[in-house]
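Engineer: My questions are about this predicted structure, shown below with the sequence.
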Amino acid sequence: MKINKREKLVLFTGVLAAILLGVVYWVVFPFMESKEGIVTSIEQKKKKLETYKARLQRKDEMLKELKTLQAQKAKLQAQILVAVDPGEAEAKLNETLKQYAQANGVTVTRTNILPEEKLKNGYRKISVDFNVTADIGPLTRFLYGLTSNPNYLEIRQVQINAWMNRNLLVIQPRITLAALVRKG
């Protein structure tokens with residue numbers, strides 16, 4: 001079979017068109033799709049870069065705020081009782097209680113250590129329930145002294161019982177005192 005010049009031209013043009021379409025389909029289209037992905041990626045990276053740039057411009061302000069927060073944290077941590085175990089914390093809390101009682105003329109008649117509360121990050125709350133015998137003036141000074149203690153102490157509950165004894169008013173408050181404790 002002999003192919004004439006015109007058929008050769010049509011066949012050559014068809015093969016050339018098929019090759020050209022194959023090149024476009026397998027080479028050009030993948031590059032076009034990857035170009036779109038690259039453009040999207042570049043836009044996202046530009047946005048990230050702008051965010052980082054804004055943060056860097058606020059660096060001094062953020063460092064100042066961080067130092068303020070660190071100083072406040074150090075101040076607050078200095079107010080927390082430091083103890084290795086709960087027994088040591090209870091002893092420190094009882095000692096503080098006795099010191100303030102003696103300083104203010106208050107008599108602690110009964111103490112009861114309550115179960116500790118475990119908090120986050122290794123912190124605990126130790127509570128003691130106690131009765132005192134005192135007049136209103138020393139009792140007020142005693143309670144004020146406990147609340148103004150440099151360590152974080154919290155008066156959780158005050159219950160005042162009063163009765164008459166030989167025409168004398170006797171008050172006996174029952175107080176629950178809690179302290180925040182961290183391992184040291």
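Structural biologist: Now that the structure is in, tell me what you want to look at. Numbers count the residues shown, from 1 in each chain.
Engineer: Give me the mean pLDDT for the lengthiest helix in the chain.
Structural biologist: Ranked by residue count and defined by DSSP state H, the top helix of the chain is helix 29-57. Across helix 29-57, the average pLDDT comes to 85.
Engineer: can you give me how far it is from the chain middle?
Structural biologist: Chain-centre distance of helix 29-57: 34 Å, with Cα atoms, centre = their mean, to the nearest Å.
Engineer: now swap in stretch 132-145 and tell me
Structural biologist: Using Cα atoms, centre = their mean, the offset of stretch 132-145 from its chain centre is 36 Å.
Engineer: List of residues touching stretch 147-156?
Structural biologist: Residues outside stretch 147-156 that contact it (Cβ atoms under 8 Å, 6 or more residues apart in numbering): 76, 78-81, 96, 100, 127, 143, 146, 175-180. Heads up, the C-betas are built off the backbone N, CA and C, glycines and all.
Engineer: Most neighbours among those, which one is it?
Structural biologist: Greatest neighbour count in the contacts of stretch 147-156, by other Cβ atoms under 10 Å, goes to residue 177: 25 neighbours.
Engineer: Check which helix or strand that one maps to.
Structural biologist: Counting by DSSP states H and E, the element that carries residue 177 is strand 168-183.
Engineer: and the nearest residue to residue 169 once chain neighbours are set aside, what is it in contact with?
Structural biologist: Taking Cβ to Cβ, 6 or more residues apart in numbering, and ignoring the residues beside it in sequence, residue 169 has residue 162 as its nearest neighbour in space, at 6.1 Å. By Cβ under 8 Å, 6+ apart, the residues touching residue 162 are 169-172.
Engineer: Name every strand pairing with the helix or strand of the chain with the lowest mean pLDDT and say which way it goes.
Structural biologist: Between all helices and strands in the chain, the lowest mean by mean pLDDT, DSSP states H and E belongs to strand 81-83, at a mean of 79. Paired strands of strand 81-83, with direction, are strand 168-183 (parallel) (DSSP bridges).
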